[in-house]
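Colleague: okay, sequence plus prediction incoming.
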Amino acid sequence: MKDAYDDDGKLAPESIDSTVLDRIPRPTGWRVVLLPYRGAKKSKGGIVLADQTVERNQLTTVCAYVLRIGDLAYKDEAKFPNGPWCKEGDWVVFGRYAGARIGIDGGEIRILNDDEILAVINDPEDILHM
């Protein structure tokens with residue numbers, strides 16, 4: 001997954017290797033698989049951040065890229081009368097402690113229930129990361 005990010009720390013989904021995507025768990029039922037936002041490797045002042053700092057930022061982020069959606073996600077019309085809250089390829093916000101964290105080669109993914117998505121955003125850089 002490390003190759004999916006450019007030098008500025010922005011995710012380039014088209015550069016995610018298909019063999020890596022094939023190895024990512026397929027969500028069952030109403031679950032959603034997310035790739036947490038990693039952030040830049042340099043500060044705004046140009047200081048290169050340590051790998052440990054970048055990894056900590058990824059662990060504490062509340063923004064993620066939707067990689068996969070389970071077959072039953074957003075199908076309950078009583079619960080989601082206006083349709084799906086998100087789709088594959090969206091950037092979303094979720095609760096800090098929501099879902100299961102699963103380590104993969106080059107980082108981690110999160111698996112959440114479909115109703116744990118709080119918002120859809122255009123760009124994770126628009127959200128303050130603490």
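Modeller: All right, it came through fine.

Colleague: all contacts plus neighbour counts: C-alpha atoms, from now on.
Modeller: Fine.

Colleague: let me see the confidence value for residue 75.
Modeller: Per-residue confidence (pLDDT) for residue 75: 97.

Colleague: for the one 5 residues further on, same thing?
Modeller: With respect to pLDDT, residue 80 scores 97.

Colleague: my read: it touches residue 74, true?
Modeller: Yes - at 6.2 Å, residue 80 counts as touching residue 74 under the criterion of Cα atoms under 8 Å.

Colleague: settle it for me: which of those two has more neighbours?
Modeller: Counted by other Cα atoms under 10 Å, residue 80 and residue 74 do not tie: residue 74 has more neighbours, with 24 against 14.

Colleague: residues touching the more buried one, list them.
Modeller: 30, 80, 83, 84, 85, 114 (Cα atoms under 8 Å, 6 or more residues apart in numbering).

Colleague: once you drop chain neighbours, what's closest to the fourth one?
Modeller: Read it as residue 84. Nearest residue to residue 84 in three dimensions, chain neighbours excluded: residue 74, at 5.1 Å (Cα to Cα, 6 or more residues apart in numbering).

Colleague: if I look at that neighbour, how far off is residue 65?
Modeller: Separation of residue 74 from residue 65 (Cα to Cα, to the nearest Å) stands at 17 Å.

Colleague: with residue 38 instead?
Modeller: As defined by Cα to Cα, residue 38 lies at a distance of 10 Å from residue 65.

Colleague: show me where the protein has its strands.
Modeller: Using DSSP state E, the strands of the chain run over residues 31-36, 63-69, 91-94, 100-104, 107-113, 117-121.

Colleague: closest to residue 21 out of those?
Modeller: strand 63-69 (8.4 Å; Cα to Cα).

Colleague: quick one: the closest one to chain centroid distance?
Modeller: When distances are taken as Cα atoms, centre = their mean, to the nearest Å, strand 63-69 is centred 4 Å away from the chain's centroid.

Colleague: would you confirm that residue 113 contacts residue 28?
Modeller: No - here residue 113 does not reach residue 28: they are 9.8 Å apart, not a contact under Cα under 8 Å.
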